[in-house]
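Colleague: Sequence plus the predicted model coming up.
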Amino acid sequence: MAKRRGEINPLGNTFGSHEAEKRDAKSRIPNLFKQLSSQIEISGEDVTGYLKQHFGVESIGKTSHWQLASGQQASFTEMVLDHTQLKNDTEVNFDINGREQALLNEESVADLDSLTYQQFHPAVARYKNGKIEILDGSRRRAWFLFHKHDGYRVLVTRDELALDDAKNLAKQLQSAKEHNLFEIGQQCLTMQKHNPTLKQADLAKLHNCSQAKICRALKAASVDIRLIQLYPIAGELSIADYDLLFKVMSRYQDTLNDEIIRIQELLAVQLDGVEVHEHKEIISQTLKASLSSERPNKPPVVTSTLRHFESKDMFARKKESNRAVSFEFGRIKKDVLKEIESSVQAILAQHYRD
């Protein structure tokens, strides 16, 4: 019997019917697109113009098939996004892309100003959780967003990419601008989080650099990112600059937020009307002055002995300030230290639940 118009689908309230409808609809999409493309061509309309008008897509280019590190293949299709689509529909995952987006600003991407006229190399991305995730091309993305420019070209795949394939692809494609020390250090920390057995020598091999550079990068990664953001172009910072930032961070441990705000206010005046290429020297001098100024008054640390020992090298003491309490032990047997640690963990577990 034919279904009457307006009649409610009897599967609507059946368990699993919604998922079945979704699967059925998804299976029909490729054929519908083929039919749509064929009918547009027969009608004599321009496919690109039609897609832009009805689907908000600037243009779709030809599909390319790429071989991945795992041996699998993926199909990438070129798209051109306008500013609104770029802002709302794209994202960057640091663990994959490796570029710290918080350190990108107009000055740091000024070397890409040729994008005003032509984007010679398209970015590369994948569809992930309803978003276009940029694997390579996050600096180009930032430039287009800062300048509110349309025409961001990107090769996008809908194929499922394994995590390692996505990372390798991003690494192979990334060639325009070397990652700064902070970014390399953050990448190393991420790798060690997923694989705690990785040593600095292993990380050096993975990054194809010296172990000394990995050591410097890990130190740079420990610097508060707000201090790095004081500089217009993070990529210009040397290990000496990171050493300076590390010293500032170490000195103002308890009042770092206040010190950063003070320096930002000071720089807003000092850098007004000054050319960007002169900013770095002024900022560094301001930070050095911050270190050479009188140390702000800090609450005293009270040290008390927990137990006296016959040996002068052995000690057990407590240090207490208004914000923290620490216990220090010297020359104590390892099994005794393990008992102390177990006792502390048991007490914390008793009073604080996960």
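Modeller: Nice, thanks for sending it over. Predicted model only: the values in this text are computed from it and were never measured.

Colleague: Can you name the residues bridging to Tyr127?
Modeller: For Tyr127, the beta-bridge partners under DSSP bridges are Ile132.

Colleague: Return the residues in contact with it.
Modeller: Glu133, Val156, Thr157, Arg158 (CB atoms under 8 Å, 6 or more residues apart in numbering). Just so you know, the C-beta spots here come from the backbone N, C-alpha and C atoms, and that holds for glycine as well.

Colleague: Turn these into a markdown table, including distance to Phe120.
Modeller: Output for those, formatted as a markdown table (distance: CB to CB, whole Å):
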| residue | distance to Phe120 |
| --- | --- |
| Glu133 | 22 |
| Val156 | 18 |
| Thr157 | 21 |
| Arg158 | 25 |
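
Colleague: Which of the residues you listed sits closest to Phe309?
Modeller: Glu133 (58.5 Å; CB to CB).

Colleague: Spit out the contact partners of that closest one.
Modeller: By CB under 8 Å, 6+ apart, the contact list for Glu133 reads Thr90, Glu91, Val92, Asn93, Ile96, Ala125, Arg126, Tyr127.

Colleague: Kindly recompute the last result at 6 Å.
Modeller: Residues near Glu133 by CB atoms under 6 Å, 6 or more residues apart in numbering: Glu91, Asn93, Ala125, Arg126.

Colleague: How is this protein divided into domains?
Modeller: 22-54, 56-177, 223-292, 302-351 (automatic domain parsing).

Colleague: Mean neighbour count, these: which tops it?
Modeller: domain 56-177 (a mean of 17; mean count of other CB atoms under 10 Å).

Colleague: could you pull out the strands for this protein?
Modeller: Using DSSP state E, the strands of the chain run over 59-67, 73-81, 90-91, 123-128, 131-136, 152-157, 302-307, 315-320, 325-330.

Colleague: Next, name the residue at the spatial heart of the chain.
Modeller: The chain has Phe94 as the residue nearest its centroid, 2.8 Å off, counting by CA atoms, centre = their mean.

Colleague: so what's that residue closest to, chain neighbours aside?
Modeller: Glu100 (6.4 Å; CB to CB, 6 or more residues apart in numbering).

Colleague: Was I right to think the one you found contacts Ile184?
Modeller: No: the pair Glu100 / Ile184 is not scored as a contact, 10.3 Å apart, by CB atoms under 6 Å.

Colleague: OK, contacts around the residue lying closest to Leu112 once chain neighbours are set aside?
Modeller: Closest residue to Leu112 apart from its sequence neighbours, by CB to CB, 6+ apart: Trp143 at 4.5 Å. By CB under 6 Å, 6+ apart, the contact list for Trp143 reads Val109, Leu112, Leu115.

Colleague: Look up how far Ile96 lies from the first one.
Modeller: I take that to be Val109. Note on Val109: its distance to Ile96, by CB to CB, to the nearest Å, is 20 Å.

Colleague: nearest to Ile214, of the domains of the chain?
Modeller: Judging those by CB to CB, what sits closest to Ile214 is domain 223-292, at 12.1 Å.

Colleague: And the closest one, end to end?
Modeller: One end of domain 223-292 to the other measures 19 Å (CA to CA, to the nearest Å).

Colleague: And Met249, how far from Lys338?
Modeller: Counting by CB to CB, the gap from Met249 to Lys338 is 33 Å.

Colleague: Ignore what I typed, I meant Ile225.
Modeller: 36 Å.

Colleague: sorry, back to before: reformat the strands of the chain as TSV; add distance to Arg262 and mean pLDDT.
Modeller: Shown next, in TSV, are the strands of the chain (distance: least, CB to CB, whole Å; pLDDT from 0 to 100):
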stretch	distance to Arg262	mean pLDDT
strand 59-67	50	70
strand 73-81	41	88
strand 90-91	34	94
strand 123-128	39	89
strand 131-136	36	90
strand 152-157	39	89
strand 302-307	29	86
strand 315-320	28	89
strand 325-330	28	90
